[in-house]
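Participant: Show me the folded form of this:
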Amino acid sequence: MSPMVPALLQLAGITAMLVGAFAALGFLFRLFSGQFTQDLRARRRAREAAAGTAPPAPVHRPVQAVAADLRRLARQLDGVPAGSPQVRRRGFQAAYDDVLVEAAAQFAVPTTLRRLPPGFPRDVERLRVETALAAAGLVVR
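Facilitator: Residues are numbered from 1 along each chain as shown. Next comes the predicted model:
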């Protein structure tokens with residue numbers, strides 16, 4: 001037996017221990033970070049879907065919830081007092097626009113609201129979408 005064989009065996013053993021240690025650390029990380037349970041839930045959902053027992057996932061939020069959010073955000077936006085920071089008004093406006101786009105998608109109203117920069121064109125598009133939603137049966141204001 002050559003003198004290199006024991007050294008190679010020792011190196012192979014150390015490599016195997018390191019690989020095992022890294023695998024154990026990866027498992028412990030996934031376990032304590034919650035990723036392990038997420039993986040288990042995902043596997044269970046996949047099994048249920050394959051068996052046909054999983055309930056269908058909702059495509060979007062209920063229209064009532066979207067309408068309630070729109071009305072609430074419209075009230076908050078209208079209630080921003082004069083002299084308050086512009087950031088507050090812009091935050092309410094951004095949240096309102098997001099929910100307005102969600103409602104437009106549910107009612108199949110085309111909109112370019114997300115692509116427009118803040119200003120007059122966006123205000124006009126917002127008004128157009130609100131009017132189209134009102135014509136479709138969703139009165140916001």
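
Participant: does residue 115 belong to a helix or a strand, and which?
Facilitator: Assigned by DSSP states H and E, residue 115 falls within no helix or strand.

Participant: How many neighbouring residues does it have?
Facilitator: 9 (other CB atoms under 10 Å). Glycine gets a C-beta too; all of them are placed from N, C-alpha and C.

Participant: try residue 14
Facilitator: 10.

Participant: Can you classify it by secondary structure?
Facilitator: Secondary structure state of residue 14, per DSSP: H, G, I helix; E, B strand; the rest coil, is helix.

Participant: any idea how far residue 24 is from residue 46?
Facilitator: Residue 46 sits 26 Å away from residue 24, going by CB to CB, to the nearest Å.

Participant: ah, wrong one, I meant residue 68
Facilitator: Relative to residue 24, residue 68 is positioned 49 Å away (CB to CB).

Participant: Next one: residue 69, what pLDDT does it get?
Facilitator: The confidence metric pLDDT takes the value 94 at residue 69.

Participant: And for residue 34?
Facilitator: In this prediction residue 34 is given a pLDDT of 70.

Participant: What's the local residue count around residue 104?
Facilitator: When counting by other CB under 10 Å, one arrives at 20 neighbours for residue 104.
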